[in-house]
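# From the sequence below, what's the structure:
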Amino acid sequence: MKRFYLWLVLLNAPFFAWGQDDSVIFTATPERCIALHKGQTCYQDVLFRWQTPTSGEYCLILTDRQYQLICWSGKAMQEYQYSFEGDKTATFSLIRNDDVQPLAQVKVVVTWVYKAPKQSQSGWRLF
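Residues are numbered from 1 along each chain as shown. As a prediction, this is how the structure comes out:
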């Protein structure tokens with residue numbers, strides 16, 4: 001039972017991503033979304049936090065779909081609550097509007113409690 005609680009604490013720990021620029025910090029909490037069965041859609045509120053330089057235009061994007069979640073100027077925004085829905089791991093990036101290369105990236109990893117549906121334990125079968 002103690003191992004379960006240890007894993008639960010570790011799974012909810014924030015994930016830190018360091019960018020190319022030392023002044024950029026980007027985190028996602030929690031970094032894992034857990035669904036019951038493999039292939040099911042996972043639903044999780046993810047809190048993104050970051051630190052960017054004071055000047056510049058920045059955006060938080062869902063990298064896989066190149067979808068902009070939110071944009072801001074300088075340090076005007078420092079966190080964003082996102083309702084994650086997905087059946088596979090997703091990558092999120094902080095970008096500067098005038099640059100194609102991301103400043104930092106984090107992943108929200110989708111995992112499952114059960115990888116495959118369990119078969120019935122009874123010996124009965126219908127023909």
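
# so which strand or helix has the most centrally placed residue in the chain?
Central residue of the chain (Cα atoms, centre = their mean): residue 108, 2.3 Å from the mean position. Assigned by DSSP states H and E, residue 108 belongs to strand 104-114.

# Return that strand as PDB; C-alpha atoms alone will do.
The C-alpha trace of strand 104-114 is given here as PDB (Å, rounded to 0.1, in the frame of the first residue of the first chain):
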ATOM      1  CA  ALA A 104      10.800  25.100 -24.200                       C
ATOM      2  CA  GLN A 105       8.600  22.000 -24.400                       C
ATOM      3  CA  VAL A 106       6.800  19.700 -22.000                       C
ATOM      4  CA  LYS A 107       4.900  16.500 -22.500                       C
ATOM      5  CA  VAL A 108       1.600  15.300 -21.000                       C
ATOM      6  CA  VAL A 109       2.000  11.600 -21.000                       C
ATOM      7  CA  VAL A 110      -1.200   9.400 -21.300                       C
ATOM      8  CA  THR A 111      -0.900   6.100 -19.400                       C
ATOM      9  CA  TRP A 112      -3.400   3.400 -18.600                       C
ATOM     10  CA  VAL A 113      -4.200   1.300 -15.500                       C
ATOM     11  CA  TYR A 114      -5.100  -1.700 -17.700                       C
END
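
# Let me know the average pLDDT across it.
Mean pLDDT, computed over strand 104-114, is 94.

# Which strands or helices does it pack on?
strand 15-18, strand 25-29, strand 32-37, strand 42-51, strand 79-86, strand 90-96 (3 or more Cβ pairs under 8 Å, 6 or more residues apart in numbering; DSSP states H and E). Backbone N, C-alpha and C define where each C-beta goes, glycine included.

# Any regions of this protein where pLDDT drops low?
Residue ranges of the chain with pLDDT under 70: 1-22, 116-127.

# Reformat the helices and strands packed on strand 104-114 as TSV; add distance to residue 73 and mean neighbour count.
Shown next, in TSV, are these (distance: least, Cβ to Cβ, whole Å; neighbours: other Cβ atoms under 10 Å):
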stretch	distance to residue 73	mean neighbour count
strand 15-18	22	15
strand 25-29	17	20
strand 32-37	30	16
strand 42-51	14	16
strand 79-86	15	13
strand 90-96	11	20
